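Peer 1: here is a sequence with its predicted model. Questions after.
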Amino acid sequence: MAMRFQAPRAAEQNADINVTPFVDIMLVLLIIFMVSAPLATVSLKLDLPPPTTEFVATKDPVYVTVQASGDIFVGDKASSMESLTADVCEALGGGACQNERVFVRGQAETSYRSFMAVMNDLHAHGFEKVGLLNEDIE
């Protein structure tokens, strides 16, 4: 029995990608994200009012307009600094009118002094919910 000597063959090249390390890394990252995701959420305690099915009537807003000439209008009615708060309360329907929201707007050419005089007068008479309006000029 004679043994034959065989010449060593060159190793064949393999073009397949070894995906085992890739899968291991992906599983580790999946576990890390699964553990850290609940920690990243922010919880806020909200006290929301219970839902109601009753209809709530909304009032039309009251607008105080200060024109460039210094004239003051409450809605469409002309007013003055002396009768401003009475006119605003009348437009709001009387009662506890200081608790209602009032919107103040001024024309672009209105002086700062006259606009702030209206704002200060409303504030001095207890109107704390005052909204400012502007119009975009294009």
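Peer 2: Yes, it's here. Numbers count the residues shown, from 1 in each chain.
Peer 1: can you tell me how far E82 is from Y63?
Peer 2: Between E82 and Y63 the computed distance is 20 Å (Cβ to Cβ, to the nearest Å). Any C-beta I mention is one placed from the backbone N, CA and C, and that applies to glycine too.
Peer 1: more neighbours: those two, which one.
Peer 2: More neighbours surround Y63 than the other of E82 and Y63, with 16 against 9 (other Cβ atoms under 10 Å).
Peer 1: and the one helix or strand N120 maps to, what other elements does it pack with?
Peer 2: In the assignment (DSSP states H and E), N120 maps to helix 112-124. Using 3 or more Cβ pairs under 8 Å, 6 or more residues apart in numbering; DSSP states H and E, the elements in contact with helix 112-124 are strand 62-66, helix 84-92, strand 102-106, strand 130-133.
Peer 1: need the ones you listed in JSON lines (columns: distance to L48 and mean pLDDT).
Peer 2: Listed next are those as JSON lines, based on distance: least, Cβ to Cβ, whole Å; pLDDT from 0 to 100:
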{"stretch": "strand 62-66", "distance to L48": "29", "mean pLDDT": "91"}
{"stretch": "helix 84-92", "distance to L48": "28", "mean pLDDT": "90"}
{"stretch": "strand 102-106", "distance to L48": "27", "mean pLDDT": "91"}
{"stretch": "strand 130-133", "distance to L48": "24", "mean pLDDT": "89"}
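Peer 1: out of the ones you listed, which is closest to V23?
Peer 2: strand 130-133 (59.9 Å; Cβ to Cβ).
Peer 1: distance between the closest one and the chain's centre?
Peer 2: 17 Å (Cα atoms, centre = their mean, to the nearest Å).
Peer 1: from here on, call the first residue 856.
Peer 2: Done: numbering now begins at 856, and the last item shifts to strand 985-988.
Peer 1: can you list contacts of it?
Peer 2: With Cβ atoms under 8 Å, 6 or more residues apart in numbering as the test, strand 985-988 has contacts from 918, 956-960, 974, 977-978.
Peer 1: give me the low-pLDDT residue ranges for this protein?
Peer 2: For the chain, applying pLDDT under 70 flags the ranges 856-858, 860, 862, 991-993.
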